[in-house]
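*Asks:* coords below, sequence missing:
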């Protein structure tokens, strides 16, 4: 990539939602370093010899599972100094033969770039990470579970607050009641 901030939306589309396996393979070969790393909630490819081919295999399997993938980028943030891109996106991943309707899943894509070995004027993806909230991840796999996951997340919130109050009463991580400072730390007592 010569201009990652402007090119990344097309790159993401080519690697995830290409219209043919040949286009997808060419995009992965062009935009990923040969030793690129990849992290996803279900997969991990450490950087090393042949890792780009492992990433291609994962991306190809996603297209086998979901012949129609739609992805929309909402925002792109490029940190040129650190050679990092963050893409806030939504993806629809409909599992082949599933009777369930696809639901959009929001994700954050973090890409670390570096100069290409072939042409130092071009940047390639050295590391690719996908981050999903639990309910968005459920939307990818089994959309009807979204409300269940959201209830469990709310239950986690309730449990955290009840335990914070209970352990505060026992003297753990508690604040003074009439403190004028918002930064009181009694953990040292």
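*Replies:* That came in fine, so what should we check first? None of these values were measured; they are calculated from a predicted model.

*Asks:* use CA for all of it now, contacts and neighbours both
*Replies:* Will do.

*Asks:* chain center to stretch 154-170: distance?
*Replies:* Relative to its chain's centre, stretch 154-170 lies at 29 Å (C-alpha atoms, centre = their mean, to the nearest Å).

*Asks:* The helix or strand of the chain with the lowest mean pLDDT packs against which elements?
*Replies:* Of all helical and strand segments in the chain, the minimum by mean pLDDT, DSSP states H and E falls on helix 134-141, at a mean of 85. Judged by 3 or more C-alpha pairs under 8 Å, 6 or more residues apart in numbering; DSSP states H and E, the packing partners of helix 134-141 are strand 84-93, strand 104-115, helix 146-169.

*Asks:* Okay, now the sheet partners of the shortest one, with direction.
*Replies:* With DSSP bridges as the test, strand 84-93 is paired with strand 69-79 (antiparallel), strand 104-115 (antiparallel).

*Asks:* So what angle separates the directions of that strand and helix 134-141?
*Replies:* If you take axes from the mean of the first three to the mean of the last three C-alpha atoms, to 10 degrees, strand 84-93 sits at 50 degrees to helix 134-141.

*Asks:* try the last one
*Replies:* Helix 146-169 and helix 134-141 meet at an angle of 160 degrees, taking the same axes, to 10 degrees as the criterion.

*Asks:* Now do helix 146-169: which elements does it pack against?
*Replies:* helix 134-141.

*Asks:* roughly how far is the helix it packs on from the heart of the chain?
*Replies:* That offset, for helix 134-141, works out to 12 Å (C-alpha atoms, centre = their mean).

*Asks:* and stretch 12-27, which residues are buried?
*Replies:* 12-18, 21, 24-25, 27 (16 or more other C-alpha atoms under 10 Å).

*Asks:* Over to stretch 113-122?
*Replies:* For stretch 113-122, the buried set under the neighbour-count rule, 16+ other C-alpha under 10 Å, comprises 113-116, 122.

*Asks:* State the mean pLDDT of that stretch.
*Replies:* Taken as a whole, stretch 113-122 carries a mean pLDDT of 93.
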